[in-house]
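**Q** Sequence plus the predicted model coming up.
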Amino acid sequence: MELPESRMAETVRLIAPSILTRNPENPRLIFLQEELDALQGSIEQQGILVPLTVFGDGSRFVLLDGERRWKCALKLGLDSVPVIVQPKPDRLQNIMMMFAIHNARKDWDPLPTALKLEQLEQEFATRNSRTPTEAELAGLASLSRGEVRRLKKLLGLPQSYRVELLEELEKPRSKQQITVDHVLETTKAVDALKKRAIITEDGEEALRRAVLSKFRSGVVKNTVEPRKLARLGRAVERGEVSRSHARSVVTRLVRDPGYSIDDAFKQAVEAADYQHGVEQLANRLLEKLAELRGRGYEATDKLIDILDKLADEIRRLRSAKKR
């Protein structure tokens with residue numbers, strides 16, 4: 001399906017902002033006040049330089065592009081705004097046009113965009129009696145397939161996270177503590193640990209909440225730090241780190257507010273490296289003892305005493321592992 005032909009019904013004209021309404025299909029829901037204030041100051045000094053794009057019947061009009069300019073015009077009490085009137089689209093075309101018009105905008109927040117993408121998918125399914133493929137959905141929304149996949153991951157988040165993220169988006173950017181990327185990176189890491197039976201399904205939410213709390217407090221500063229948890233999961237899968245040890249550091253991560261992901265990763269990796277070093281020493285000792293017997297040397301009392309102590313230590317290690 002193609003977008004309707006983008007022809008102007010007429011040249012630029014002036015209409016009262018009071019007969020304009022926002023487009024209910026606009027994926028953009030959040031307008032930061034600090035950005036609106038800056039735009040309002042510019043309009044107050046220079047006027048609206050770029051016409052709004054609308055459709056309507058002459059008495060009422062709906063915005064296709066220019067919602068921020070319209071909001072500022074209302075606040076400034078302007079008598080008129082410049083507009084270009086387009087033919088009225090149907091709902092599917094309307095959503096597609098909103099995506100196409102705003103696709104180049106870098107200030108769109110991904111969660112509201114994901115919610116509108118879901119509606120676009122549903123509208124296509126209703127009209128065509130089937131769900132669009134990923135490629136079709138990307139074409140409808142003027143997005144790449146990678147962007148579509150990322151947005152659909154957001155739709156898989158629990159409703160509580162969607163609400164929290166929308167609340168964060170209402171704040172000035174400097175005040176926002178949790179972003180979509182924080183939640184997505186954390187969720188991927190938690191999934192990686194659950195997949196390898198390091199955490200249970202019951203512990204999944206506790207770990208996710210703990211990591212996000214550490215982002216809020218500043219204990220975890222790097223957005224991609226949760227990826228170290230996925231690396232820990234892979235280390236367990238390869239047998240480099242024991243599952244019991246991985247569980248112990250993850251448990252501490254949940255319970256200790258000051259314990260970071262980096263702390264947990266270092267502890268697990270350092271433990272694995274240390275044990276690998278001990279294994280190498282033990283293998284060399286076995287080789288030396290075999291060589292001692294091979295040469296027919298008699299073990300001294302001192303050597304036997306040391307080996308007895310080594311045997312005691314092995315028994316303690318074995319006993320601790322059983323617990």
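**A** Nice, thanks for sending it over.
**Q** domains in the chain, as residue ranges please.
**A** 13-155, 177-271, 285-322 (automatic domain parsing).
**Q** could you point out the longest helix in this structure?
**A** Across the chain, the helix with the greatest residue count (assigned by DSSP state H) is helix 261-294.
**Q** what's the angle from whichever helix or strand comes after that helix to helix 261-294?
**A** For helix 261-294, the succeeding helix or strand toward the C-terminus, using DSSP states H and E, is helix 301-322. Relative orientation of helix 301-322 and helix 261-294, computed by axes from the mean of the first three to the mean of the last three Cα atoms, to 10 degrees: 140 degrees.
**Q** Now do helix 301-322: distance to the chain's middle.
**A** Centre-to-centre, helix 301-322 and its host chain are 49 Å apart (Cα atoms, centre = their mean, to the nearest Å).
**Q** just checking, what packs against the longest helix of the chain?
**A** Contact here means 3 or more Cβ pairs under 8 Å, 6 or more residues apart in numbering; DSSP states H and E; on that basis helix 261-294 packs against helix 227-237, helix 243-255. No exception for glycine: its C-beta is placed from N, CA and C like everyone else's.
**Q** in the longest one, what counts as buried?
**A** By 16 or more other Cβ atoms under 10 Å, the buried positions in helix 243-255 come out as 245, 246, 247, 249, 250, 253, 254.
**Q** Distance to residue 278 and mean pLDDT for the domains of the chain - can I get that in JSON lines?
**A** Below are the domains of the chain laid out as JSON lines (distance: least, Cβ to Cβ, whole Å; pLDDT from 0 to 100):
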{"stretch": "domain 13-155", "distance to residue 278": "42", "mean pLDDT": "85"}
{"stretch": "domain 177-271", "distance to residue 278": "11", "mean pLDDT": "90"}
{"stretch": "domain 285-322", "distance to residue 278": "10", "mean pLDDT": "90"}
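**Q** could those be laid out in a markdown table, adding distance to residue 169?
**A** Shown next, in a markdown table, are the domains of the chain (distance: least, Cβ to Cβ, whole Å):
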| stretch | distance to residue 169 |
| --- | --- |
| domain 13-155 | 4 |
| domain 177-271 | 9 |
| domain 285-322 | 49 |
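**Q** can you list the helices and strands packed on helix 261-294 in CSV and add distance to residue 315?
**A** Below are those laid out as CSV (distance: least, Cβ to Cβ, whole Å):
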stretch, distance to residue 315
helix 227-237, 26
helix 243-255, 19
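**Q** out of those, which comes closest to residue 45?
**A** Smallest distance to residue 45 across those (Cβ to Cβ): 46.4 Å, for helix 227-237.
**Q** okay, the angle between the closest one and helix 243-255?
**A** Counting by the same axes, to 10 degrees, helix 227-237 lies at 160 degrees to helix 243-255.
**Q** Extract the C-alpha set from helix 227-237 and format it as PDB.
**A** Coordinates of each C-alpha in helix 227-237 appear next as PDB, following Å, rounded to 0.1, in the frame of the first residue of the first chain:
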ATOM      1  CA  ARG A 227      25.300  -6.800  29.300                       C
ATOM      2  CA  LYS A 228      27.900  -8.000  31.700                       C
ATOM      3  CA  LEU A 229      25.200 -10.200  33.300                       C
ATOM      4  CA  ALA A 230      24.500 -11.800  30.000                       C
ATOM      5  CA  ARG A 231      28.300 -12.400  29.700                       C
ATOM      6  CA  LEU A 232      28.100 -14.000  33.100                       C
ATOM      7  CA  GLY A 233      25.300 -16.300  31.900                       C
ATOM      8  CA  ARG A 234      27.400 -17.300  28.900                       C
ATOM      9  CA  ALA A 235      30.400 -18.000  31.200                       C
ATOM     10  CA  VAL A 236      28.200 -20.400  33.200                       C
ATOM     11  CA  GLU A 237      27.000 -22.100  30.000                       C
END
